[in-house]
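**Q** Using only what follows, build the 3D model:
(2 chains)
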Amino acid sequence: MGGPSLAAAFAPVDQHYLLEARQMQALSFSVHIVLVCFGISFPAMVLFVEWLGQRTRDRLYLTLARRWSKVMLVLFGVGVITGTVLSFEMGLLWPNFTGTFGSVFGVGFAIEGFSFFMEAIFIGIYVYGWGRLSARVHMLSGIPIVITGFTGSLMVIAVNAWMNHPGGFQLRGGHVTHVDPFKALFGNTYLWHELMHMYVAGYVVSGFILAGCYAYSRLRGRWGRYERVALTIPLTVAALATIAEGPIGDWAARDVASTQPIKLAAMEGLYKTTKGAPEHLLGWYTGNHLEYAIQIPHLLSLLTDHSWNGTVQGLATVPPSQRPPVNVVHWSFQIMVGIGTLLALLAVVYLAIWIWKKRLPESTWFYRALVVAGPLAVAALISGWVVTEVGRQPWVVYGVMRTDAAVTGAHGIPIGYGALAAAYLVVACGLAWALRRLARAPFEEPVEPPAQLQAA
Amino acid sequence: MLLRSLPLVFVLAGVALYTVLGGADFGAGFWQLLAGRNERGERVREFAHHSMGPVWEANHVWLIFVLTVFWTSYPKAFGSIASTLAVVLFIALLGIIFRGAAYAFRSGASTDRELARIDTIFSFSSILTPFALGAAVGAIATNRVPVGNAAGHLFSSWLNPTSIFIGVLAVASCAYLAAVYLAADAARDGHEALERDFRLRALGAGVLAGATAIGGIFIVNADYHTLFHSLLSGRALAAVIVSFLAGLVTLMLVYDRRYEPARYCAAIAVAAIVAGWALARWPTILPGLTVDQAAAGHDTLVWVIVCVLGGSVILFPSLAFLFRLALAGRFQAAESTVPDEIAQPLRAIRPGLLARLVVALLIAGFGLLNIANAQWAHAVGVVCLVCFVVLGFRAIVFSALGEQTTPK
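**A** Residues are numbered from 1 along each chain as shown, chains lettered A, B, ... in the order given. A predicted model of the protein is given here:
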């Protein structure tokens, strides 16, 4: 399996533009992950609305499901592109990483490829099959889309969890041996919290974005039954998912504390290993400590260790070359938690009004907040991934391979970065234009609204 | 030996399928670009789009399949190819971005002028991507990609006579494939004018692709004699002959207006060329790197093979279902309208017990996930939280929609 010359061929190179390579990867990833949220959760919502339509024979639900499915297809199409970009970048930017460890994590992507395939097949059948397949077959053709949305994220996150908590192989003289892909990908305790955290976030993000669109309609004075239904469904999903995301996030943080203590120390800006460590809110990390931070005594120990005087490991336990950039990680974490808290408050307001008043909120402020909630949820999502990915630095495979050893030796990274950014800008503008066009058509109630007739 | 070669066979099969299916999509873009601005051109563009729309996503996933199986099974070869050919692969990628974007955006366009503009802006990518991928193949075929991280030349590796020849051949083949498929679709849907148009295009592109292939053999001979020699001797020769004959038969079938067999015959011509290329090189992947040396460890290969075979059991029936619908013209058929029936209002359920259960699930989930430390407790906690979301959704949405349908 390759002589010593092969190991030398993939020795680390001196890449002047490592930071640009990382930013290019981050850009590709940030764009894709938002679309992933829709891939995870939108099919389930569309299918639910179609089911409502089949059950009640109410034209409104069928129209809504159909329009949403068009949006779903547009977003999926763009997701196919951005996903292809990511798989190219595995080789274009990080050939040493893929060349060294492809045999360990690759199976995860191969299975993900299949689930992507199934998703693509059935999304085509579902969207183009409206009115052309029987109602039953059409509904059934939507189910694989929901399932593959889950299996796809399971596979990709299995790879990411492996990068954060690697196992299932041995390294001898630059060569990977004794590879056990199953153990590497699925025998990993780190996988489960990451998977749940992302999967639930998928519902939070797309739920708030969708609800925000109809909240905007309401602010503009368009507020018929169609808009109310189209707001209630995603908003309810997002509200409940946001509340569930709290406990899941806490679980994730405790797993990080036990398996990646340095990442946690960077999240908290903790330099020295501390007993009974305080929680720091805000603040700027400089000269090995957090300036201007609000301290809550003992809280960090309580959260990570469930004990008043638990020990929390600090950044000082590793040499400076092995520490991630603290302010980026610390602030991303604060932004994620902060936005998550705000969204949870919004969710509680919505749910409380439902429980006690049995109606949608009436305050204009609620709908204004809802319009902002979607973009905020995206910001939280991306911040969360910055915590995971930048917090893992300087490692690409935690504790095993440094990012600067993984990068390509090819020249011209800034040109590629610029070209990709420009291409994505064009795609983003086109997408915004296409979605606006799709959203423009108002729903017209049938001339004789059967529902009201029957009720009257 | 078999274990180490089988994944490469999967990869090559994926390359062939991507060329035959994804290639036809790029070819369709090629014809959209050349369709002209008049009404006839409009119809060509529209038809090409409607014919490819339902299968576009699925056709492109073949490329992802090829990449993932390749980098898992032959990581070092993948790392070497991707880094040396970074520039040309990036160009292909830009083409893929714009081609896909055109599909996504067309759904927002409402006037013919908008559609035409989108097609013109994005169709250039239909030439860019096949050319770039063909040039990349040329670089590998002429041993210009050495083992190592960006060890070969970033430009001359793919800017050479053979690469350019294969790039041009790829564009011509895509155009040819697309014209054959679109003529078949037009004949099926009874569009006589379109059928005539695409038949002519197919015959023209077929003759051009054939001429390019024959002329290119001399280019290859001058540029890289070893490849010329290995293609025209031994096992590879058989594949080359099959490809040549299949190409010829396809032309005759198209001339005869027998498009359905022509579709498959054209696919065979392309698949045979991929096979010929692989046979000419076997067992070398890159200079100094054989298939056996490049292959990943035993367990990984077993996993890849199990996954691909297991995945195929689910994938191929699904794909067959999609293509049966597409090829039978079901996606082109008129929609059946839903009869206007009396809507049944949703029964608004009073959230009593259910609401209490939902709250209990949230509390249980919190306790098990955030206070308990055992793994099993976390697992049960997650299940509780998922049930909290699902049942909470049921409790709220059903009563909400029920009230919205039946005004008090």
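**Q** Give me the neighbour count for the nearest residue to A:Val46 once chain neighbours are set aside.
**A** Nearest residue to A:Val46, sequence neighbours excluded (Cβ to Cβ, 6 or more residues apart in numbering or on different chains): A:Trp68, at 4.7 Å. Every residue, glycine included, has its C-beta placed from N, CA and C. By other Cβ atoms under 10 Å in any protein chain shown, 22 other residues sit near A:Trp68.
**Q** how close does A:Trp68 sit to chain B?
**A** In this view, A:Trp68 and chain B are 13 Å apart by Cβ to the nearest Cβ, to the nearest Å.
**Q** do the same with A:Trp192
**A** From A:Trp192 to chain B the distance is 7 Å (Cβ to the nearest Cβ).
**Q** What of A:Met90?
**A** Counting by Cβ to the nearest Cβ - A:Met90 and chain B are separated by 7 Å.
**Q** returning to what we had before: could you confirm the residue nearest to A:Val46 falls within a helix?
**A** Yes. A:Trp68 forms part of a helix when assessed by DSSP: H, G, I helix; E, B strand; the rest coil.
**Q** can you pull the contacts of it?
**A** By Cβ atoms under 8 Å, 6 or more residues apart in numbering or on different chains, the contact set of A:Trp68 is A:42, A:45-46, A:49.
**Q** Which parts of the stretch 301-408 of chain B are helices?
**A** Here the stretch 301-408 of chain B has its helices, by DSSP state H, counting those that start in this stretch, at B:353-366, B:375-405.
**Q** same deal with the stretch 1-150 of chain B?
**A** B:2-17, B:23-34, B:39-73, B:75-84, B:86-106, B:112-141.
**Q** Between the ones you listed, which one is closest to A:Tyr398.
**A** A:Tyr398 sits nearest to helix B:75-84 of all these, at 19.2 Å, using Cβ to Cβ.
**Q** for the stretch 101-250 of chain B, what are the low-confidence residue spans?
**A** B:107-112, B:121 (pLDDT under 70).
**Q** A:Met267 and A:Ala215: what is the separation?
**A** Taking Cβ to Cβ, to the nearest Å as the measure, A:Met267 and A:Ala215 are separated by 32 Å.
**Q** What's the per-residue pLDDT of residue 367 here?
**A** The chain I'm using is chain A. As predicted, A:Tyr367 sits at a pLDDT of 95.
**Q** hm, I was asking about chain B
**A** Confidence at B:Gly367, expressed as pLDDT, is 86.
**Q** Which helix or strand contains B:Gly152?
**A** Of the helices and strands defined by DSSP states H and E, none includes B:Gly152.
**Q** I'd say it and B:Thr142 touch.
**A** No. Applying Cβ atoms under 8 Å, one finds B:Gly152 not in contact with B:Thr142, separated by 10.8 Å.
**Q** Can you check the contacts of A:Trp68 and name whichever has the most neighbours?
**A** Note: the member of the contacts of A:Trp68 with the most neighbours is A:Phe42, at 27 neighbours, neighbours being other Cβ under 10 Å.
**Q** Pop the domain breakdown of chain B in here.
**A** B:2-327, B:353-405 (automatic domain parsing).
**Q** Show me what the longest helix anywhere in chain A packs onto, helices and strands only.
**A** Scanning chain A for the helix with the most residues, using DSSP state H, yields helix A:18-56. Judged by 3 or more Cβ pairs under 8 Å, 6 or more residues apart in numbering or on different chains; DSSP states H and E, helix A:18-56 is in contact with helix A:59-92, helix A:135-164, helix A:190-219, helix A:225-259, helix A:364-391, helix A:403-406, helix A:413-440.
**Q** That helix to helix A:59-92, inter-axis angle?
**A** Calculated by axes from the mean of the first three to the mean of the last three Cα atoms, to 10 degrees, helix A:18-56 forms an angle of 160 degrees with helix A:59-92.
**Q** List the buried residues for helix A:18-56?
**A** Of the residues in helix A:18-56, A:18, A:20-22, A:24-25, A:28-50, A:52-54, A:56 count as buried by neighbour count, 16 or more other Cβ atoms under 10 Å in any protein chain shown.
**Q** That one to helix A:225-259, inter-axis angle?
**A** When the same axes, to 10 degrees is applied, the directions of helix A:18-56 and helix A:225-259 differ by 140 degrees.
**Q** related to what we said a few turns ago, ok, now how distant is the residue nearest to A:Val46 from A:Ser28?
**A** Taken as Cβ to Cβ, the span from A:Trp68 to A:Ser28 is 26 Å.
**Q** With B:Thr84 instead?
**A** 21 Å.
**Q** Tell me which of the helices of the stretch 301-408 of chain B approaches B:Gly95 most closely.
**A** So among the helices of the stretch 301-408 of chain B, helix B:375-405 is nearest, using Cβ to Cβ, at 41.2 Å.
**Q** The closest one packs against which elements?
**A** Using 3+ Cβ pairs under 8 Å, 6+ apart, helix B:375-405 sits against helix A:190-219, helix A:225-259, helix A:326-357, helix B:353-366.
**Q** Turn those helices into JSON lines, including distance to B:Gly27 and mean neighbour count.
**A** Formatted as JSON lines, the helices and strands packed on helix B:375-405 follow (distance: least, Cβ to Cβ, whole Å; neighbours: other Cβ atoms under 10 Å in any protein chain shown):
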{"stretch": "helix A:190-219", "distance to B:Gly27": "35", "mean neighbour count": "24"}
{"stretch": "helix A:225-259", "distance to B:Gly27": "39", "mean neighbour count": "23"}
{"stretch": "helix A:326-357", "distance to B:Gly27": "45", "mean neighbour count": "19"}
{"stretch": "helix B:353-366", "distance to B:Gly27": "53", "mean neighbour count": "17"}
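**Q** so which of the helices and strands packed on helix A:18-56 comes closest to B:Val270?
**A** Per Cβ to Cβ, nearest to B:Val270 of these: helix A:59-92, 21.2 Å.
**Q** now the angle from the closest one to helix B:39-73?
**A** Interaxial angle, helix A:59-92 versus helix B:39-73 (the same axes, to 10 degrees): 50 degrees.
**Q** Between the two ends of stretch A:403-414, how far is it?
**A** Terminal residues of stretch A:403-414 lie 17 Å apart, using Cα to Cα, to the nearest Å.
**Q** quick check: mean pLDDT across it?
**A** Mean predicted lDDT for stretch A:403-414 stands at 88.
**Q** which residues touch it?
**A** Counting by Cβ under 8 Å, 6+ apart, A:12-13, A:15, A:17-18, A:20-22, A:24, A:92-97, A:100, A:393-396, B:83-84, B:86-87, B:149-151, B:154 sit against stretch A:403-414.
**Q** Could you rerun that using 6 Å?
**A** Applying Cβ atoms under 6 Å, 6 or more residues apart in numbering or on different chains, the external contacts of stretch A:403-414 come out as A:12-13, A:15, A:17-18, A:20-21, A:93-97, A:394, A:396, B:83, B:86, B:149-150, B:154.
**Q** And stretch B:191-201, by the same measure?
**A** Stretch B:191-201 is contacted from outside by B:47, B:179, B:182-183, B:186-187, using Cβ under 6 Å, 6+ apart.
**Q** rewinding a little: I'd like the distance from the longest helix of chain A to the chain centre, please.
**A** The chain centroid and the centroid of helix A:18-56 are separated by 8 Å, computed with Cα atoms, centre = their mean, to the nearest Å.
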